[in-house]
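# pasting the sequence and the predicted coordinates here, then a few questions.
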Amino acid sequence: MFLETLLATLLSAQAVPQSSAPAPAATVAQGAPAGAGKPRVTPSEAAKTPAPSGVNPAAPAQAPGKPAAPAAETKPAAKPATPMTPEVKTLVDRMQAFYEKTGDFRASFKQDYKYKTFRRTQSSEGVVTYKKPGLMRWEYQTPSARTFVLAGNKVYAYDPAAQSLTVASVDTSQLSASVTFLFGQGRLADEFAITKGACKDCKGTLLVLNPLKDEPRFKQVRLEVDPASAQVLKSTVVDPDGSENTISFVNLKTNVGLSADSFKLDVPDDTRVDDFTKQKKQ
C-alpha cells in the first residue's frame with residue numbers, strides 16, 4: 001500500500017540526533033526503513049559543516065570603502081505545475097480519499113532496491129502495519145530479521161543479530177506531502193506534477209510524481225494504483241543517484257482495529273541501545 005511504501009520511502013527525511021555537538025544522524029530509508037531510503041536504518045555520516053551564514057563563496061570580493069550589501073536568501077523556485085488530466089485528477093483524488101479514510105492497515109511487502117552504482121539489486125520481504133496517527137512498523141523477515149518502528153517523532157531500528165537498538169528523531173513537519181497525505185494531511189497535487197505513465201507490466205495505473213521544487217531526498221516517485229480500489233499496489237522512489245527503491249504490497253487489509261501496543265518494541269535486556277535523541281552532557 002502506498003501508505004507504507006511512501007512513508008518508509010519518503011521517510012528519507014533525516015532523523016537528526018538531538019545533541020549540542022555534531023553527531024552521526026540516523027536516517028530512515030525509503031524501502032527499508034526508508035526511511036522510511038536504503039533497505040535499512042543505519043547511522044549516516046556526519047553532515048558536512050555548512051558555510052558561515054551570509055557568506056556566498058561564489059560572490060566577488062567587496063570593493064574597499066563600500067558597505068557590504070546584505071546577502072539575499074535564495075530559495076529554490078517552484079517549477080510550473082502542469083495541470084493534471086481529468087483521468088489522473090480523478091484517480092489521485094480517489095487515492096487521497098482512500099488513505100484519509102484508512103485508520104490502520106496490515107500488508108505483506110516485497111522490497112527491491114536497485115543500486116545504480118553497484119549494478120545490483122537487494123531484495124527483502126516482510127510485513128508492514130500502520131495506525132493513525134503516526135505509528136508504523138516494518139517487520140523484515142528475509143534475508144535477515146530486522147524491525148523498524150516509527151512512533152510519533154522517533155524511529156527505532158532493531159537488529160537482533162547485532163543485538164542493537166538505534167533510536168533517532170524525525171522531524172515530521174519536514175516530511176513531504178507524499179508521506180503526510182497518508183496520515184490524512186497534505187495534498188500530493190500541492191507538491192508534485194502528476195502524470196500518467198506508460199507501463200506494459202503494471203497491474204494498475206502508473207502515476208509519475210515529479211516534485212515541483214528541488215528535492216534532495218529523491219528525484220521521482222512512481223505509484224502503481226489499482227483503478228478499482230484506488231489503493232497503491234507498488235511504489236518506486238528514485239534516489240538522486242538514480243537508484244530505485246520499489247515496494248510491492250499484497251494481502252492489504254485496512255481498518256482491522258490494530259492496537260497501539262502492537263507497535264511497541266520489546267528487546268532482550270542485553271541489547272545495546274544507541275539513543276541519539278538524548279542530550280549529551282557537557
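Received it, and whenever you're ready, just let me know what you need.
# mind saving the C-alpha coords of the helix or strand hosting residue 210 as CSV?
Assigned by DSSP states H and E, residue 210 belongs to strand 205-211. Only the C-alpha atoms of strand 205-211 are listed here, as CSV (Å, rounded to 0.1, in the frame of the first residue of the first chain):
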residue,chain,number,x,y,z
THR,A,205,-2.5,2.7,-13.5
LEU,A,206,1.0,4.1,-13.3
LEU,A,207,1.2,7.6,-11.8
VAL,A,208,4.5,9.5,-12.2
LEU,A,209,5.1,12.2,-9.5
ASN,A,210,7.8,14.8,-10.2
PRO,A,211,8.5,17.3,-7.3
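# ok, residue 278 to residue 158 distance?
Counting by CB to CB, to the nearest Å, the gap from residue 278 to residue 158 is 18 Å. For every residue, glycine as well, the C-beta is placed using N, CA and C.
# neighbour-wise, which of those two wins?
Legend: neighbour count by other CB atoms under 10 Å for residue 278 and residue 158, higher for residue 158 (22 against 10).
# surely that one touches residue 266?
No. In this structure, residue 158 is not within contact of residue 266 by CB atoms under 8 Å, at 9.6 Å.
# parallel or antiparallel, list what pairs with whichever strand or helix holds residue 246.
Assigned by DSSP H and E, residue 246 belongs to strand 244-254. Partners of strand 244-254 in the sheet, by DSSP bridges, are strand 104-115 (antiparallel), strand 232-238 (antiparallel).
# buried sites along it?
Across strand 244-254, burial judged by 16 or more other CB atoms under 10 Å covers 244-249, 252, 254.
# pairing partners for the helix or strand following that strand, with directions?
On the C-terminal side of strand 244-254, the nearest following helix or strand under DSSP H and E is strand 272-275. Using DSSP bridges, strand 272-275 pairs in its sheet with strand 164-169 (parallel).
# could I have the strand it pairs with exported to PDB, CA atoms only?
What follows is strand 164-169, C-alpha atoms only, in PDB (Å, rounded to 0.1, in the frame of the first residue of the first chain):
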ATOM      1  CA  SER A 164      21.400  -3.500  18.900                       C
ATOM      2  CA  LEU A 165      18.700  -0.900  19.000                       C
ATOM      3  CA  THR A 166      19.100   2.500  17.400                       C
ATOM      4  CA  VAL A 167      16.800   5.400  18.400                       C
ATOM      5  CA  ALA A 168      16.700   8.600  16.400                       C
ATOM      6  CA  SER A 169      14.500  11.700  15.900                       C
END
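# show me where pLDDT drops low in the stretch 151-282 of the chain?
Applying pLDDT under 70 to the stretch 151-282 of the chain flags residues 172-186, 279-282.
# tell me where the stretch 51-200 of the chain has helices.
86-100, 177-180, 188-191 (DSSP state H, counting those that start in this stretch).
# now for the very next helix or strand once past the strand holding residue 210, which elements pack on it?
The first helix or strand that comes after strand 205-211 along the chain, using DSSP H and E, is strand 220-225. Judged by 3 or more CB pairs under 8 Å, 6 or more residues apart in numbering; DSSP states H and E, strand 220-225 is in contact with helix 2-10, helix 86-100, strand 205-211, strand 232-238.
# what number of residues lie near residue 125?
Using other CB under 10 Å, residue 125 has 13 other residues around it.
# pretty sure it contacts residue 139?
No. With contacts counted by CB under 8 Å, residue 125 stays clear of residue 139, the gap being 10.1 Å.
# state the distance from residue 104 to residue 133.
11 Å.
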